[in-house]
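> no sequence on hand, only this structure:
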């Protein structure tokens, strides 16, 4: 009896998977705006791909795949060794990540092209965006299978550089969202402090500001301890010192009287958040320095065959702290993109989202109440889309290549199938941190340089 009820429940959800307007004609999905659910479903597709990548990097899976005849191209009994005693199974894991992320990027780029200039849900293409999820899943699986048949050749090297550029842009998007989040956080708590005439909100802002600066100072100290050496690692010392100096400068600029007059909501909370994020990106950069003395995460091949630690005579540091923290930040940022619109018009204009939901007329409000009471999603885009479909998919394309670089620690596939740490990853991340600081500085001084524009 339970099996029959379960089957009926699955059949009742069929229209959600195959219908032209998912979650509007069926009661199996939660009551919400159709635009939000569509973004969440596409984000789930992205997370499914990330899960596959994580599984392919798991040591247990690698050991099983190593038994397959097509794992190594060097012949039976040979060992294709990575820098750091990673065997051929781990190499296959990284090949799988490259191909899986290529499939995700191709899938979202296809929808990005397909959804160009969609203005409302009345556009026939909006039905494709918001429905036919079962067929989308089949397309997703088909592209993924096809990606694994791409010949090795120069694919990994070329796709690596696509990943470098895309990940650089995605790091800037992360910083943009972080700046917007910090501004919104500071503004809302200040408003609540004025409304309730309570100093508790000011105390909260002061506490988190002090906490973020304390974490940043701690991060600087740890970076100097673990990523520099006396008489060596001059590049790392310059990067840490320069970024620390720039963070101090933007913190001072944020509290200047003229900046406060132009932007009363500007303060040290935003500067502390940006400082902490800059130290985080600096940490990611230093974790890719190709020098064993300056990088404790670097995997090193010992000529005498000895290793430091690890099972089966080799050490694996692929799941190190920078990768784990980077993955967490990636997940939070992706969910943030999928769920939230900004409180600031400039950010919404850049991210192609609306500042506030459109005002509904009496008929639409009545329809929405009926839909919500029946536990169905409401189509809130009949008069205009609440976000750019094409730009949203482009963000997921960038997210796909960024997670590829994160899971592979930005190691470039080199000749003889080695994964090599290069200065390219270091400079990309350091430049991203500098660009982010310049963006934040621009948000501070723009009202002074362009007084005729509205930056409220």
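Happy to help now that I have it. From a predicted model like this one, the values you see are computed outputs, not experimental measurements.

> so what does the lengthiest helix in the chain touch, helix or strand wise?
As assigned by DSSP state H, the longest helix anywhere in the chain is helix 155-196. Where contact means 3 or more C-beta pairs under 8 Å, 6 or more residues apart in numbering; DSSP states H and E, helix 155-196 is packed against helix 88-114, helix 200-227, helix 268-286, helix 321-339, helix 345-351, helix 389-407, strand 412-413, helix 423-449. From N, CA and C alone the C-beta is placed, and that goes for glycine too.

> burial of the closest residue to residue 220 other than its chain neighbours, as a residue count?
Once flanking residues are discounted, residue 220 sits nearest to residue 244: 5.6 Å by C-beta to C-beta, 6 or more residues apart in numbering. Neighbours of residue 244 under the rule other C-beta atoms under 10 Å: 20.

> okay, the helices and strands packed on helix 155-196 in JSON lines with mean neighbour count, mean pLDDT and distance to residue 190 next?
Converted to JSON lines, the helices and strands packed on helix 155-196 look like this (neighbours: other C-beta atoms under 10 Å; pLDDT from 0 to 100; distance: least, C-beta to C-beta, whole Å):
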{"stretch": "helix 88-114", "mean neighbour count": "22", "mean pLDDT": "81", "distance to residue 190": "38"}
{"stretch": "helix 200-227", "mean neighbour count": "15", "mean pLDDT": "91", "distance to residue 190": "7"}
{"stretch": "helix 268-286", "mean neighbour count": "24", "mean pLDDT": "91", "distance to residue 190": "10"}
{"stretch": "helix 321-339", "mean neighbour count": "16", "mean pLDDT": "80", "distance to residue 190": "22"}
{"stretch": "helix 345-351", "mean neighbour count": "16", "mean pLDDT": "49", "distance to residue 190": "19"}
{"stretch": "helix 389-407", "mean neighbour count": "24", "mean pLDDT": "88", "distance to residue 190": "30"}
{"stretch": "strand 412-413", "mean neighbour count": "22", "mean pLDDT": "71", "distance to residue 190": "46"}
{"stretch": "helix 423-449", "mean neighbour count": "18", "mean pLDDT": "87", "distance to residue 190": "17"}
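
> quick check: the gap between the residue nearest to residue 220 and residue 251.
11 Å (C-beta to C-beta, to the nearest Å).

> same question, residue 137
To residue 251, residue 137 is 47 Å away according to C-beta to C-beta.

> residue 179 now?
Distance from residue 179 to residue 251, counting by C-beta to C-beta: 14 Å.

> just residue 176 next, same as before
As for residue 176, its distance to residue 251 is 19 Å (criterion: C-beta to C-beta).

> same thing with residue 424?
Note on residue 424: its distance to residue 251, by C-beta to C-beta, is 30 Å.

> am I right that residue 288 is in a helix?
No. The assignment for residue 288 is coil, going by DSSP: H, G, I helix; E, B strand; the rest coil, so no helix is present there.

> skipping its backbone neighbours, what lies nearest it in space?
Using C-beta to C-beta, 6+ apart and skipping the chain neighbours, the partner closest in space to residue 288 is residue 425 (4.0 Å).

> who touches that neighbour in this structure?
Counting by C-beta atoms under 8 Å, 6 or more residues apart in numbering, residue 425 touches 164, 285, 288, 405, 410, 411, 412.

> what's the farthest-apart pair in those residues?
Distance extremes for the contacts of residue 425: the farthest pair is 285 and 412 at 15.0 Å, using C-beta to C-beta.

> residues in contact with stretch 205-216?
The contact list for stretch 205-216, computed with C-beta under 8 Å, 6+ apart, reads 186, 189-190, 247, 267-269, 272-273, 275-276, 278-279.

> just give me the closest of these to residue 170.
Among the contacts of stretch 205-216, residue 278 lies closest to residue 170 (C-beta to C-beta), at 16.2 Å.

> quick one: residues contacting that closest one.
Contacts of residue 278 by C-beta under 8 Å, 6+ apart are 216, 243, 246, 247, 433, 436, 437.

> nearest to residue 114 among the residues you listed?
Set against residue 114, the nearest of those by C-beta to C-beta is residue 436 (31.6 Å).

> was I right about the closest one contacting residue 273?
No. Using C-beta atoms under 8 Å, residue 436 makes no contact with residue 273, being 11.3 Å away.

> show me the shaky parts of the stretch 1-150 of the chain.
Along the stretch 1-150 of the chain, the parts satisfying pLDDT under 70 run over 1-33, 59-93.

> could I get the full set of strands for it?
In the stretch 1-150 of the chain, no strands are found when defined by DSSP state E, counting those that start in this stretch.

> for residue 293, see how far away residue 158 is.
32 Å.

> er, residue 196 actually
Between residue 196 and residue 293 the computed distance is 55 Å (C-beta to C-beta).
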